[in-house]
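S.K.: This is a predicted model, with the sequence first.
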Amino acid sequence: MFNTVHHYENFPVASLILPRRLREPVRHIYAFARQADDIADEGHATPAQRLAQLAALRQDLDRIAAGETPGSPVMQTLARTIRAHALPIEPFHDLLDAFAQDVVKSRYAHFGEVMAYCRRSANPIGRLLLALYGEQDRRAIAQSDAICAALQLINFLQDIAADYARGRIYLPQDEMEKFGVTESQIARGDTQGTWWPFMRHQIERARKILAAGAPLGKKLPGRLGLELRLIILGGETILRKIHAVAGDVFRQRPTLTPADWPRMLWRALRAK
């Protein structure tokens, strides 16, 4: 259920738990996100070239919205999915905005900026899943946004070292300064001094945001609700693992292991 793409590993990718009718459209949404993510991060293109390729995807979205046929096979498949399920175009544009932002922005002054990024990079996935399921309740959307934002924050904590290697830090700069955490400390993988209090603050906030959205996992019925409860439990598990190593995500990146799944599934089934 969890895949290896940097921004999307804490989201479902057409797992067997999802209702069968949702698996194919979810795969098509993922393929779009994967393509855009690779444009922003992979290879040796210049920033201008990356932005131009993302702009081409945006033009294809405009063609889809206008009822025209986009150019690439991936976008043609996405067009059929969007039309078949009456999906909104805006979340796809938001995703492209996030990937374009990754090309040009590498530091975040405060938590508000981080959350603004999450609204474009993560929340659209949850909103598209709700749209596929036909769920338009405003509270459900708000809870989905909380879950997605929390999962993105958790991903940031998992990938502090990997993001720094890409030249990015998604941790709020003002909070780093408040706790006395420096970029050179991240570069060294140094967990001494105030690193743990700083990370504990990040963990506790992400946990609260995840908990704010958690009731949605019980509200949604059937296999979609089970899938969502598993995703939430996965996020909680990663946070516990980061906490257990006092925030040292440099020596070993906290991930879900095969041993985690039976307990998570048992808890997800009991929580319905």
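M.R.: That came in fine, so what should we check first?

S.K.: Got phi/psi on residue 172?
M.R.: phi -60, psi 130 (degrees, to the nearest 10).

S.K.: Please name the nearest non-neighbouring residue to residue 106.
M.R.: Closest residue in space to residue 106, ignoring its immediate chain neighbours: residue 168 at 4.6 Å, by C-beta to C-beta, 6 or more residues apart in numbering. Yep, even glycine has a C-beta here, placed from its N, CA and C like the rest.

S.K.: Make sure that neighbour is actually in contact with residue 104.
M.R.: No: the pair residue 168 and residue 104 fails to qualify as a contact (C-beta atoms under 8 Å) at a distance of 11.0 Å.

S.K.: More neighbours: which of the two?
M.R.: Ranked by neighbour count (other C-beta atoms under 10 Å), residue 168 and residue 104 place residue 168 first, with 18 against 9.

S.K.: Got the phi and psi for that one?
M.R.: phi -120, psi 150.

S.K.: what's next to stretch 208-227, contact-wise?
M.R.: 1, 12, 15, 17-19, 22, 129, 133, 135, 140, 142-151, 153-154, 228-229, 231-232, 235-236, 239, 268-269, 271-272 (C-beta atoms under 8 Å, 6 or more residues apart in numbering).

S.K.: switch the cut-off to 6 Å
M.R.: Stretch 208-227 is contacted from outside by 12, 17-19, 133, 140, 143, 146-147, 149-150, 228-229, 232, 235, 268, using C-beta atoms under 6 Å, 6 or more residues apart in numbering.

S.K.: Likewise for stretch 58-78?
M.R.: 28, 31-32, 35, 79, 82, 89, 92, 96.
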